[in-house]
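Q: next comes the sequence, and after it the predicted model I'd like to discuss.
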Amino acid sequence: MKKILESLGIADVNAGGFSGGWMGGGKVQTVVSPINGEALASVTNVTPLEFDAILAKCHQAFASWKLVPAPKRGEVVKAIGDELRRNKAALAELVTLEMGKTLREGLGEVQEMIDICDFAVGLSRQLYGLTMPSERRMHRLQEQWHPLGVVGVITAFNFPVAVWSWNTAIALVCGDTVLWKPSSKTPLTAIACTKIAEKVLRDFGYDPAICSLAIGKGSDIGDLINTDPRVALLSYTGSVPGGRHVGRLVQERFGKHILELGGNGAVIVSEKGDLDIAVQSVYFGAIGTSGQRCTSTRRVIVHHSIHDTFLDRLTALYARTPIGDPRKDEILMGPLVDTAAVETMLAAIQTVKDQGGRIVCGGERLPAAGGCYVTPCIASVPKDLPMLQEETFAPVLYVLPYGPIEEAIALQNGVPQGLSSAIITNDHRESELFLSAAGSDCGIANVNTGTSGAEIGGAFGGEKETGGGRESGSDAWKAYMRRQTSAINFSGQVELAQGITLEL
Ligand code: NAD
């Protein structure tokens, strides 16, 4: 463990702030692994005064970074991707140690960082504006995209490095600088990533404050980010209540925001689908990352004719789930992130029982020394169970039957969140209905694959209480730039739009 930490520049005590130089005069926090309760290292949080200095430097760095040609900025992102390739194994292991996801998922998360860097490098030559025909003679109408400013990136614990990279790789090629406030549950991975970016920026001779870091509590450092007009765009990933608070504060100062909030993923399993695909997709979607993905499968809506068979097969898989140290190859489910998460899960299961749900299997705390291990839970529930409306960030899966496909879609849509959804069917009409305007109301709607495991090529995000933000691939980059529309007159005369004449 020591060797991994050292290879990523993590010492016993680490400064939690960076903006060209490292600082951290605030509270000291010991980071404990959810795998076994072992202390990994300590971090000193930044003080409000240090935060101000960090943001000032990050803001100052924007003045020169925005003038670097976008393809040159892409070269920096390419080098960050190469550095991530070199450090993939170590960084993945640190993700696992700090957050508890399995090593194979940790490797997948770092791969996602590499992929978004590759995507952003290509994007650096494709930040296209449009040219439109002007209604006026000898005029040209065009749109350009310009860098926006400092992008504040506030991240959740469950994807401690990928979300930073989705935002940072895109923001950097767009000419923005980045100020990252990671979850206080995962500060070490944030320090490791910032060190990687620092090295690359220094190697290129650019101001390392382009990738700044401020570790501290959400309620103090987070609120300073929310309210500071120097943060042009705030990309916030976290819970719905957090996003509601952040969104209100950013809106009050007319800042821009990208909100990536809670999900409540559902899979519709049709009697016309492949049962093997259904069982495996739901299984991975529900127990992957110990049910701590925003896209985790929380609800399965199964056609009544196959409900019992499906449930039996899924329950058999659940019973065989290898739970334990996520660094081991054979383990599929590691610990929850901390003891508070275990308590939240157990309380939710009690509420499900109180509301009339039946626990089919799992939902127990495992007595592993120092770790936060539980058994994944399946509950068979009525369609109107109030808990179906809530995201419990743990491996608790609700199974409910449906009749007509329209009912399944209504159940799938009948929650406040709108992130990820899926249907397992071989019936073309059903899948097309699911993808149509009459179908899923989510930002992600998959066919014959589960709710989690999004690829970076598409825009990622969800509707309703999930916040409406989009990040990562496709044209999500547009949120990181400001659009400028220009009319250019080369006629030598004055001509007004809409045919208005001016008699002088
Ligand atoms: P959380 O809301 O507890 O914390 C998220 C981040 O917000 C942390 O960095 C935290 O320090 C910060 N924060 C807290 N108070 C703040 C404030 N006043 N101002 C600014 N920032 C503040 O979430 P979590 O437990 O870390 O993560 C789980 C949640 O995140 C789940 O709801 C999950 O669905 C969601 N999530 C969503 C996505 C997505 O892309 N939609 C991705 C990952 C996680």
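A: Received it, and whenever you're ready, just let me know what you need.
Q: domain ranges for this protein?
A: Using automatic domain parsing, the domain parsing of the chain gives 2-261+467-484, 265-447.
Q: what's the first-to-last distance across the shortest one?
A: End-to-end distance for domain 265-447: 13 Å, by C-alpha to C-alpha, to the nearest Å.
Q: let me have the domains of the chain in JSON lines, extended by mean pLDDT, mean neighbour count and distance to residue 504.
A: In short, each C-beta sits where N, CA and C put it, glycine included. Shown next, in JSON lines, are the domains of the chain (pLDDT from 0 to 100; neighbours: other C-beta atoms under 10 Å; distance: least, C-beta to C-beta, whole Å):
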{"stretch": "domain 2-261+467-484", "mean pLDDT": "98", "mean neighbour count": "21", "distance to residue 504": "18"}
{"stretch": "domain 265-447", "mean pLDDT": "97", "mean neighbour count": "20", "distance to residue 504": "52"}
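Q: among those domains, which is nearest the ligand?
A: Nearest of the domains of the chain to the ligand, taken as C-beta to the nearest ligand atom: domain 2-261+467-484 at 2.1 Å.
Q: which residues touch the nearest residue to residue 176 once chain neighbours are set aside?
A: In space, and not counting its chain neighbours, residue 176 is closest to residue 151: 4.7 Å by C-beta to C-beta, 6 or more residues apart in numbering. By C-beta atoms under 8 Å, 6 or more residues apart in numbering, residue 151 lies in contact with 167, 171, 176-179, 231-235, 480.
Q: what does residue 15 give?
A: 22-24, 43-44.
Q: who are the packing partners of the helix or strand containing residue 54?
A: Residue 54 belongs to helix 48-65 when assigned by DSSP states H and E. Contact here means 3 or more C-beta pairs under 8 Å, 6 or more residues apart in numbering; DSSP states H and E; on that basis helix 48-65 packs against strand 17-18, strand 22-23, strand 150-154, strand 177-181, strand 211-214, helix 223-227.
Q: can you spell out which helices and strands pack onto the last one?
A: It refers to helix 223-227. helix 48-65, strand 231-237, helix 240-252.
Q: which SSE is the residue nearest to the spatial centre of the chain in?
A: Closest residue to the average C-alpha location of the chain: residue 163 at 4.7 Å, with C-alpha atoms, centre = their mean. Assigned by DSSP H and E, residue 163 belongs to helix 162-173.
Q: convert the C-alpha atoms of that helix to PDB, please.
A: C-alpha atoms of helix 162-173 as PDB (Å, rounded to 0.1, in the frame of the first residue of the first chain):
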ATOM      1  CA  ALA A 162     -13.700   9.900 -13.500                       C
ATOM      2  CA  VAL A 163     -16.000  12.800 -12.900                       C
ATOM      3  CA  TRP A 164     -13.100  15.200 -12.500                       C
ATOM      4  CA  SER A 165     -11.600  14.000 -15.700                       C
ATOM      5  CA  TRP A 166     -14.900  14.200 -17.700                       C
ATOM      6  CA  ASN A 167     -15.100  17.900 -16.700                       C
ATOM      7  CA  THR A 168     -11.400  18.700 -16.800                       C
ATOM      8  CA  ALA A 169     -10.400  17.200 -20.100                       C
ATOM      9  CA  ILE A 170     -13.300  19.000 -21.800                       C
ATOM     10  CA  ALA A 171     -12.900  22.300 -19.900                       C
ATOM     11  CA  LEU A 172      -9.100  22.400 -20.700                       C
ATOM     12  CA  VAL A 173      -9.500  22.000 -24.400                       C
END
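Q: sorry, back to before: would you list the helices and strands packed on helix 223-227 in TSV and tack on distance to residue 133?
A: Listed next are those as TSV, based on distance: least, C-beta to C-beta, whole Å:
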stretch	distance to residue 133
helix 48-65	34
strand 231-237	31
helix 240-252	35
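Q: JSON lines for these, including distance to the ligand?
A: As requested, the helices and strands packed on helix 223-227 are exported to JSON lines (distance: least, C-beta to the nearest ligand atom, whole Å):
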{"stretch": "helix 48-65", "distance to the ligand": "12"}
{"stretch": "strand 231-237", "distance to the ligand": "5"}
{"stretch": "helix 240-252", "distance to the ligand": "3"}
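Q: now the closest residue to residue 172 other than its chain neighbours: how far from residue 118?
A: Nearest residue to residue 172, sequence neighbours excluded (C-beta to C-beta, 6+ apart): residue 77, at 5.3 Å. Noted for residue 77: a distance of 9 Å to residue 118, by C-beta to C-beta, to the nearest Å.
Q: over to residue 178?
A: In this view, residue 178 and residue 118 are 18 Å apart by C-beta to C-beta.
Q: likewise for residue 484?
A: Residue 484 is 28 Å from residue 118, by C-beta to C-beta.
Q: now residue 392
A: The gap separating residue 392 from residue 118 is 35 Å, by C-beta to C-beta.
Q: same question for residue 385.
A: Using C-beta to C-beta, we find residue 385 at a distance of 43 Å from residue 118.
Q: go on, residue 355?
A: Using C-beta to C-beta, residue 355 is found at 47 Å from residue 118.
Q: and for residue 394?
A: Distance, residue 394 to residue 118, using C-beta to C-beta: 33 Å.
Q: kindly report the same for residue 377.
A: Counting by C-beta to C-beta, the gap from residue 377 to residue 118 is 38 Å.
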